[in-house]
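Q: Pasting a predicted model and its sequence here:
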Amino acid sequence: MLRQDSSDDIEDVSLFDADDDVSRRSKKSKIRHPVASFFHLFFRVSAIVVYLLCELLTSSFIACMVTIILLLSCDFWTVKNVTGRLMVGLRWWNQVDDDGRSHWVFEARKGSKTSSEAESRIFWLGLISCPMIWVIFAFSALFSFKVKWLAVVVMGVVLQGANLYGYIRCKVGSRKNLTSMATSYLGKQFLRQAVAKEDQPAS
């Protein structure tokens, strides 16, 4: 007597969906552009390291200043023209129209090709943290009366701050969107503080 399995109670489950999910997760966590990711951090971190150690390495202020400015310039060009486009699909530039008017253009890539989460984290971490470090250096140079280093530090704040502002505009959109986001964030923080103060007497 032959045994026949009923196909009514059997549900075929495809394993390709699970494989697709695993492959998508691996692609998101994988660094697709290792060279761009390396140079995204290399120039800006090198400029900070040279600024911190230059007085220990050499007594020539001119050599240190030129080295730091060259590293900051290479970082500005690399982040603006290469790493932003490859790592997160953003770019910004200035163009002049036929009437001679200057326009700033901020673009964000749209489509199926999305950046990986690892590259996005590397990009935004380096883009945000390094300008904050240069701001700290600026206050330190100002309060310690290191006037000769103040120009170098201001150069770091300006160049890296410009890239930060440009890519935030690419990510957020127009100035109105940026202002509305800042206003909503401040409003949420104010509301949280107000709620916390009301809860304190009750507890």
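A: Alright, I've got the coordinates.
Q: Where does the prediction get shaky in the protein?
A: Scanning the chain for pLDDT under 70 picks out 1-29, 111-114, 174-191, 194-203.
Q: where along it do the strands fall?
A: Counting by DSSP state E, one finds strands in the chain at the ranges 90-96, 102-108.
Q: Which elements pack onto the first one?
A: Okay, so that is strand 90-96. Applying 3 or more CB pairs under 8 Å, 6 or more residues apart in numbering; DSSP states H and E, one finds that strand 90-96 makes contact with strand 102-108, helix 147-172. Quick note: C-beta positions are derived from backbone N, CA and C, even for glycine.
Q: how near is the residue nearest to Gly161 when sequence neighbours are not counted to Ala118?
A: Nearest residue to Gly161, sequence neighbours excluded (CB to CB, 6 or more residues apart in numbering): Pro131, at 5.0 Å. From Pro131 across to Ala118, the span is 22 Å (CB to CB, to the nearest Å).
Q: higher neighbour count, these two?
A: When neighbours are counted by other CB atoms under 10 Å, Pro131 comes out ahead of the other of Pro131 and Ala118, with 21 against 16.
Q: Please name the residues that touch that one.
A: Gly156, Val157, Gln160, Gly161, Leu164 (CB atoms under 8 Å, 6 or more residues apart in numbering).
Q: do Gly173 as well
A: Phe106.
Q: Hmm, Cys130 and Val45 touching each other?
A: Yes. If you go by CB atoms under 8 Å, Val45 and Cys130 touch, sitting 7.4 Å apart.
Q: which of those two has more neighbours?
A: Cys130 (24 against 16).
Q: So the more buried one is in contact with Val49, correct?
A: No. Counting by CB under 8 Å, Cys130 stays clear of Val49, with 11.4 Å between them.
Q: how much space is there between the residue nearest to Gly161 and Val35?
A: As for Pro131, its distance to Val35 is 23 Å (criterion: CB to CB).
Q: so how far is Val88 from Tyr51?
A: According to CB to CB, Tyr51 and Val88 sit 27 Å apart.
Q: go on, Val172?
A: For Val172 relative to Val88 (CB to CB), the value is 13 Å.
Q: What segments of the protein are helices?
A: For the chain, the helices defined by DSSP state H occupy 16-29, 34-57, 61-78, 117-143, 147-172, 175-202.
Q: For Phe106, which of these is the nearest?
A: Nearest to Phe106, of all the helices of the chain, is helix 147-172, at 4.5 Å by CB to CB.
Q: on contacts alone, who are the packing partners of the closest one?
A: Against helix 147-172 (3+ CB pairs under 8 Å, 6+ apart) you get helix 34-57, helix 61-78, strand 90-96, strand 102-108, helix 117-143, helix 175-202.
Q: Relative to Val152, which of these is closest?
A: So among these, helix 61-78 is nearest, using CB to CB, at 5.4 Å.
Q: buried set for the closest one?
A: For helix 61-78, burial by neighbour count (16 or more other CB atoms under 10 Å) applies to Cys64, Met65, Thr67, Ile68, Ile69, Leu71, Leu72, Cys74, Asp75, Phe76, Thr78.
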